[in-house]
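1. I would like to see how this sequence folds:
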Amino acid sequence: MPSVPSKALEIFPNPQPERDYTIRIRVPEFTCLCPKTGQPDFAELTLEYVPNEKCVELKALKLYVWSYRDEGGFHEAMTNQILGDLVEATQPRFMRLTADFNVRGGIYTTVVAEHRAPSWTPPTPVSLP
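-> Modelled structure (predicted):
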């Protein structure tokens, strides 16, 4: 049976919950509709997160992103809605979503939204010689 868009975000247990590590996911084909004109908007999404107990499953993420294809919304609203849904599903230590929208009317838009768990402190970066 072919896949269909879905708002369901499946998760799985973090295989290394005792360690801080970063997961980076690039979604180069995000589409939604302009709420003013109904024309398609195209963006590349970059998701970066430090998981806690749960990670997002990639096929479910693909179907979730696909579900926005026929929805209208401003870039800022779309980015924050997606981040909110991902945070709710995974409860990460840290999560950042960057939505880099293609040009429309000579203007490029990049929206960056972040979540940080109140109890999490990022580790000190290591600087090697």
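2. top helix in this protein by residue count?
-> helix 75-90 (DSSP state H).
3. what comes into contact with that one?
-> Helix 75-90 has contacts (Cβ atoms under 8 Å, 6 or more residues apart in numbering) with 7, 9, 11, 32, 41, 43, 45, 47, 49, 51-52, 54-56, 64-65, 68, 71, 73, 92, 95, 97, 99, 101, 109, 111-115. Where C-beta positions appear, they are placed from N, C-alpha and C, glycine not excepted.
4. and after that helix, which helix or strand comes next?
-> strand 94-104 (DSSP states H and E).
5. Filter the contacts of helix 75-90 down to the ones in strands?
-> In strands, judged by DSSP state E, the following of the contacts of helix 75-90 are found: 11, 32, 41, 43, 45, 47, 49, 54-56, 95, 97, 99, 101, 109, 111-115.
6. Whichever of these end up buried, select them in PyMOL.
-> A single PyMOL command selects the buried members of the ones in strands among the contacts of helix 75-90 (16 or more other Cβ atoms under 10 Å):
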select buried, resi 11+32+41+43+45+47+49+54+55+56+95+97+99+101+109+111+113+115
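7. In this structure Ile23 contacts Cys55, no?
-> Yes. Checked against Cβ atoms under 8 Å, the pair Ile23 and Cys55 is within contact range at 6.7 Å.
8. low-confidence ranges in the protein?
-> 1 (pLDDT under 70).
9. Next up, the contacts around the residue lying closest to Asp70 once chain neighbours are set aside.
-> Leaving aside its sequence neighbours, Asp70 sits nearest to Leu33 (Cβ to Cβ, 6 or more residues apart in numbering; 6.6 Å). Leu33 makes contacts with 39-41, 70-73, as judged by Cβ under 8 Å, 6+ apart.
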